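Asks: make a model of this:
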Amino acid sequence: MKQGSCGTCSDAINCDCFQKGFEQANSFKNIFTHDMNNILNNINMTTELFSLLKNSNLNDEKFVEFFKIIENQIARGISLINNVRKLSLLDEGKISLKSMSVSNVLREALPFSERSVLNKILDIKVEELQENLSVMANELLLDVFENLLHNAIKHNHNKYIFIKIKISKTLQSEMNYIKLEFSDNGIGVSDIRKPSVFQKNKPKEFDTRSMGIGLSLVNKIIETYDGKIWVENRIQEDYSQGSNFVILIPEYLPENITKKLAVIFL
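Replies: Model (predicted):
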């Protein structure tokens, strides 16, 4: 047998696993390197600018602005490292599901988005059509909400950032879902970019406007919930007027759990 070839069924399975693991590790490495370079460059440029201006009449307000930029970039770096770790845990199937209150988790995520804004006005409206809705999820639901909010803020060139979160219920294929819509007035996602926006390996021509590892993590988490996620235009015929990220997560109901178990045992 040639070195590196798969001679048996077991060998073939192991080779497939190693290949999948290698591709996944390489994908994480590429995204991590790209995003971390951006973060370090932003910190470096800020410190260089501060060094140039420190001997001038730098007022307290400008000093605080420089400090907030660096603080924000450090927080991004920590979040990036945590996201890579969580993606690995999800692939290993080490995080279980339980009942989670959508409203409680969303309230916990909102302060994160407020800290992400610098020199802009942030207006977040939550429209909840029914109270006390719960989903089959886990603590990573917080990461889903934080990443979507951060994405809406990061990819928005307006001084006034508007985000509307709509929470409702829907029935699909005899399964009850909680539907969450995150709409914004940002740069939007063109039709050609929509199919790849949740991929870990995005086409090279999109690298300059990469949405990083955040949406890859969001997609992976939603998949583990047996949910769905996609992106639409906020204004149907004009993607440049903003995005609407739509999520469906199975509602926490006894009948939903029974249906899921029935599918598993069929």
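Asks: these two touch, right, Arg46 and Glu65?
Replies: Quick fix: residue 46 reads Thr, not Arg. No: assessed by CB atoms under 8 Å, Thr46 is found out of contact with Glu65, at 9.4 Å. The C-beta positions use only the backbone N, C-alpha and C, and glycine is treated the same way.
Asks: compare the two and say which is more crowded by neighbours.
Replies: Thr46 (18 against 14; other CB atoms under 10 Å).
Asks: phi, psi of the more buried one?
Replies: Phi and psi for Thr46, reported as degrees, to the nearest 10, are phi -70, psi -40.
Asks: name the nearest residue to it, ignoring sequence neighbours.
Replies: Once flanking residues are discounted, Thr46 sits nearest to Ile69: 4.9 Å by CB to CB, 6 or more residues apart in numbering.
Asks: next SSE after the strand or helix carrying that neighbour?
Replies: In the assignment (DSSP states H and E), Ile69 maps to helix 60-91. Later in the chain than helix 60-91, the nearest helix or strand by DSSP H and E is strand 98-101.
Asks: in whichever helix or strand comes after that next one, what's buried?
Replies: Using DSSP H and E, the helix or strand that follows strand 98-101 in sequence is helix 102-115. Buried residues in helix 102-115, counted by 16 or more other CB atoms under 10 Å: Val102, Val105, Leu106, Ala109, Leu110, Phe112, Ser113.
Asks: looking at those, which is nearest Gln73?
Replies: Taking CB to CB as the measure, Gln73 sits nearest to Phe112 out of those, at 15.0 Å.
Asks: can you report how many residues lie near the residue nearest to the closest one when sequence neighbours are not counted?
Replies: Among residues not flanking Phe112 along the chain, Glu146 sits closest, at 4.8 Å (CB to CB, 6+ apart). Using other CB under 10 Å, Glu146 is surrounded by 21 other residues.
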